[in-house]
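>>> Make a model of this:
(chains A and B)
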Amino acid sequence: MKAWDAIVIGGGHNGLVNACYLQRAGLDVLVLEKNDWVGGAATSRELTPGFLYSNCSYVCSLFRPEIMRDLELPRFGLQVISYEGGAVFTRDGDYLANYRDHDAHRREFARFSKRDAEAYDRYSRDVTRQCRFIQPLLMRTAPDPTSFKPRDLGELLYLGKKFVGLSAEEMALTLRFWTMSISDFLDEYFETDVIKANFALSGIIGTALGPMSPGTAYVLLHHYMGEVDGSVGAWGYARGGMGAVTKALAASFKASGGTIRTGAEVDHVLIKKGKAKGVVLAGGEEIYGKLVVSNADVKRTFLKLVEEKELPEIFLRRVRNFKIRGSSGKVNIALDSLPEFPALPKDSPVYRADMHFTDSIERMERAYDDWKAGRWSADPFLDMMIPTTLDPTMAPPGKHFMSCFVQYAPPKIDGRDWTDADRDGFAESVISQIAQYSPGFRDRIVHMEVRTPREIEAEVGLTEGNIFQGELTFDQLLFNRPVPGYAQYRSPIGGLYMCGSSTHPGGGVMGAPGRNAAAEILRDLAKPTLHMSPAHDVI
Amino acid sequence: MNHHPTIKPLADARTAAQSHFRTLRLGTPFQPRIDALALKQDWYNWAGYRAPHSLWDEELEYFAIRSQAALFDISPMTKYRIEGPDAEAYLDRVTLRDVTKLKPGRVHYTAWCDDDGFVLDDGTLFRLSPTRFRLCSQERHLPWLLDSAFRYDVTVEEETEAVAGLALQGPTSFAILRDAGFAGVERLKIFDLAEFAHEGATVTISRTGFTGDLGYELFVPTDKALSLWDRLMAAGELRGIRAIGYTALNRARLEAGLIVANADFTAAEHAIRADRLRMPDEIGLGFMIDPDKGHFNGRRAILEARSKKRLRHVLVGLEIEGNIPAEHAIVYYRKSQEVGLVSAAMWSPMAKRNIALASLQRPYGDTIVDDLWVEIYAMRELQYQKLMKKAKVVPRPFIKLDRRTANPPADF
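Purely as a prediction, here's the structure:
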């Protein structure tokens, strides 16, 4: 019976990145995907004829350019179309837009507050300083602070040096940044509600925390570290939807000789004498591999795919307590025409960018209150966009695809599972909010896919539908991600590795966990990693 | 389900201002005149405004400053109106120089620092009356100015778009103002200001400028901007008045030894790298610090850095042998040890010397001033001609023109 060099469980973007790097190092790699398509949470699906839905992740920025280069993703068809800015609609019939031009940005803010308009430079300087500190850590394995191995000491020293390289003021700011709430952080710079709401949204996306919860300032930073083709901080649409990212990865993988099996759900990892020997599929088929890499989140991997008896107690307890709470949902809509927003001038670039309707931090926090009470938000926070304004490949001519990321949606409703009626109520909260700002919106809807944490978990396999495979709070970052002592992509089981967003540096369509895990695996196999570009310098 | 009513757009001033996204670079109040003269269409972005690098010939524009009169639009400069019974005390607290010594009708060049003594910006402070000031600067500081106003009876308002500004610089500038009918302008000494009538409004004229030459700056409400321009142009026709762009002005300011924020030093609110921050003593502004005046922002840090000798940099004027400009050249000690960087350089037509501003790491440029060299990479037809040239630390300004301060100003 054939034994693969490596079996990757899950064909999400990190699983595919990992598989690509391993295959290119000369290993014979098999990717197993439970769905009939690859992509995980980076997919484009035709759920109604003629419309492609980016039905989970919906924008691209964080994906590391070093990975795109190594895996030749442009050659395999990946194109990212960057868009400009975005807007928050205000309840008084106006909006606050973000523009890429520095002076347009200032003038826009000055419509609401001349003071806040001129506060942006200092805010941007401080955030940039923090990003420059963290960005180089994304593409490095986090050190194990309890280890005395030269490499861990070296990495700790690197981290320490970077930290010591900060001024006393920056060091204080760094510690505050990693622990404070986005609301408190923004209060130090701005005074206008809508301007604070505009920045706060990056601090709560994907997180089961409110803007007033400590730790949300870091989440904002996580969203600021991206770029599109070298344009730092830019966001874009993958042409053809987010599935284009994983489609290019799959093509790159196959071109280097890799094998993908779809419709192949792994039931459990085959473990003999504490070592992974392969996997058993849901149908009972056994597939053997010299090592197994799991793209599934840490809970799914160790609470579902591995038998408890194989795992150490403390590890198991920490995995159980790992915070991976469902907080968001998604409403994907096919529209027979472009919706109108009377507040926006007809030629506004905002039509092509992200739109929001939550114009104060207070409203965001109230939306979070509903989550805590076990309800979906009556007045939800939406991150909404219409990618077809820039990408005509996703809908028939004149028609549009709209992506609405919705927060908050709890993993359970009043302690019980979501029902279809709950799902419909959740969708109505979204549609009625949009319709307030876009008359006639309901009449344009041709088809709609509503995804609560229930649907996301069932299809994609993300526990509770958490988009980051675990909260990005400081207790779950760096050498504590996913659990202390196992932050280097290895697990208590010999030959079983992790490569999903549960691992350092965390979620978003970034690819860094998959790449870093491949580097560790190749290190264990004593294989060269010359095909892996080091992280770009930050000077 | 609870259906909310549709939200209707507003029709107020804030909504009307939405349209700015269609014009990323605004015109100034003088734009119709400047556009007509901009034969080169050579624009740059000055704080969100479309400003000319050069209008027709940067050499001739420079010589207009030195031999005739040059008209330069300074409207994009950031302007704050600071007014109230505590305005003097407030500005004395915020800025470096002693504002109690700045009499009404006077202007001084000053700078201001953050709590750690790092320079936020430099600029000019106009005292328009005992209780009213105008602060002009390169960068924007409204949050800083408002936050600092805590407990002072003072209002701070940004008025950049409401006030148009012109610099009229050069030997014939006085004669032009006199001929234009600004009676009494001859009484203005250097750094004086006075108000004059123009078309039923007031134009504030100060004997100030950024050229080291005889010159004036004029501030006027925007709706009177074009008529003021026309008045000056008509009066100056026979005295060689010319509109100029920034390239010419930048040469004149370098000869005058004046620094520019974010060109010769990095303003503290822009410095992403902590080691780029500068104290006043490190950029040649130490003369502004008055330890005997009351508390001012950054005082403790500045005095501590002085007493503990923690000032790491110094900004100096350099005279470099030869005639090849050393722009952004590295400065060496003994041709080998890197000790600093040139931030601005030119061959000066007035001084007939190769001059530069450079930031050096102390003690170089401070106590060690000999054996300094600059390495010039001169690109000539796709090849670098590498030159190692001797540099001498010299006092600024590089040129001193008696006509700048002569009283009464000469009638050229």
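>>> quick one: low-confidence ranges for the stretch 151-300 of chain A?
Scanning the stretch 151-300 of chain A for pLDDT under 70 picks out A:227-232.
>>> got a list of what the residue of it found nearest chain B touches?
Per C-beta to the nearest C-beta, residue A:167 is where the stretch 151-300 of chain A lies closest to chain B, at 4.1 Å. Using the backbone N, CA and C atoms, a C-beta is placed for each residue, glycine as well. Going by C-beta atoms under 8 Å, 6 or more residues apart in numbering or on different chains, residue A:167 touches residue B:274.
>>> Tell me if residue B:43 really is in a helix.
No - under DSSP: H, G, I helix; E, B strand; the rest coil, residue B:43 sits outside any helix and is assigned strand.
>>> Just to check, it is in contact with residue B:50?
Yes - using C-beta atoms under 8 Å, residue B:43 is in contact with residue B:50, at 5.1 Å.
>>> Tell me, please, where in the chain the pLDDT is lower than the cut-off.
No chain specified, so I'll use chain A. Chain A contains residues with pLDDT under 70 at A:227-232.
>>> look at chain B instead
B:1-3.
>>> how's it carved up into domains?
Residue ranges for the domains of chain B, per automatic domain parsing: B:25-77+B:162-255, B:78-158, B:274-394.
>>> mind listing what whatever residue of the stretch 1-150 of chain A ends up closest to chain B touches?
Going by C-beta to the nearest C-beta, chain B is nearest to residue A:103 of the stretch 1-150 of chain A, at 3.0 Å. Residue A:103 makes contact with B:24-25, B:45, B:47-48 under the criterion C-beta under 8 Å, 6+ apart.
>>> For those, which single residue is the most surrounded?
Highest neighbour count within the contacts of residue A:103: residue B:48, with 20 neighbours (other C-beta atoms under 10 Å in any protein chain shown).
>>> ok, and the residue of the stretch 1-150 of chain A closest to chain B, which helix or strand is that part of?
Element membership for residue A:103 (DSSP states H and E) is helix A:102-110.
>>> Dump that helix to PDB, restricted to CA.
The C-alpha coordinates for helix A:102-110 follow below in PDB (Å, rounded to 0.1, in the frame of the first residue of the first chain):
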ATOM      1  CA  HIS A 102      -4.000  62.000   1.800                       C
ATOM      2  CA  ASP A 103      -5.600  65.400   1.200                       C
ATOM      3  CA  ALA A 104      -8.900  64.000   0.000                       C
ATOM      4  CA  HIS A 105      -9.000  61.900   3.200                       C
ATOM      5  CA  ARG A 106      -8.300  65.000   5.300                       C
ATOM      6  CA  ARG A 107     -10.900  67.100   3.500                       C
ATOM      7  CA  GLU A 108     -13.500  64.300   4.000                       C
ATOM      8  CA  PHE A 109     -12.800  64.100   7.700                       C
ATOM      9  CA  ALA A 110     -12.900  67.900   7.900                       C
END
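>>> want to throw the domains of chain B into CSV with distance to residue A:184?
As requested, those are exported to CSV (distance: least, C-beta to C-beta, whole Å):
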stretch, distance to residue A:184
domain B:25-77+B:162-255, 31
domain B:78-158, 17
domain B:274-394, 23
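>>> got the contact list for residue A:41?
Counted by C-beta under 8 Å, 6+ apart, residue A:41 has contacts A:12-13, A:56-57, A:456, A:460, A:462, A:467, A:509.
>>> Next, the contact list for the closest residue to chain A within the stretch 1-150 of chain B, please.
Closest to chain A within the stretch 1-150 of chain B is residue B:48: 3.0 Å, counting by C-beta to the nearest C-beta. Contacts for residue B:48 (C-beta under 8 Å, 6+ apart) come out as A:102-104, A:106-107, B:24-26, B:76.
>>> Kindly recompute the last result at 6 Å.
Residues near residue B:48 by C-beta atoms under 6 Å, 6 or more residues apart in numbering or on different chains: residue A:103.
>>> Show me which residues of chain B sit near chain A.
Proximity of chain B to chain A is confined to B:1, B:3-4, B:6-10, B:14-15, B:17, B:20-21, B:24, B:48, B:140, B:142-143, B:146, B:158, B:269, B:272, B:274 under the rule C-beta under 6 Å from any C-beta of the partner chain.
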